[in-house]
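> Below: sequence and its predicted model.
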Amino acid sequence: MKRIVLHTKDVMIITGKSERYSRELIKKMKEHYLKKSHQYVTIKECSKYLGLDVDEVEEVLF
């Protein structure tokens, strides 16, 4: 079963950056997509935000 929700650790794997940078990036994505604090960012939204192919991101994560 695949996840659709993105976590800090996932952003760390995708970008190769630190935990702090990844948390800030998720915060920026939430602001960009007008999400509330209790809402999640999806892998598809992250891929689009970063300009990456969804399939490649999923391949790295799973």
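Received it, and whenever you're ready, just let me know what you need. All of these numbers come straight from a predicted model, not from anything done at the bench.
> where's Arg23 relative to Glu56, distance?
According to Cβ to Cβ, to the nearest Å, Arg23 stands 23 Å off from Glu56. In short, each C-beta sits where N, CA and C put it, glycine included.
> ignore the last one, Phe62
Phe62 is 11 Å from Glu56, by Cβ to Cβ.
> in stretch 15-32, what's buried?
For stretch 15-32, burial by neighbour count (16 or more other Cβ atoms under 10 Å) applies to Ser22, Leu25, Ile26, Met29, Lys30.
> Check which residues of the helix or strand bottoming out on mean pLDDT in the chain are buried.
Least confident helix or strand, the chain: helix 54-61 with a mean of 91, by mean pLDDT, DSSP states H and E. Across helix 54-61, burial judged by 16+ other Cβ under 10 Å covers Val57.
> Tyr49 should be in a helix, yeah?
Yes: assessed by DSSP: H, G, I helix; E, B strand; the rest coil, Tyr49 belongs to a helix.
> where's the nearest residue to it once chain neighbours are set aside relative to Asp10, distance?
Spatial nearest neighbour of Tyr49, chain neighbours left out: Met29 (5.1 Å); criterion: Cβ to Cβ, 6 or more residues apart in numbering. Met29 sits 12 Å away from Asp10, going by Cβ to Cβ.
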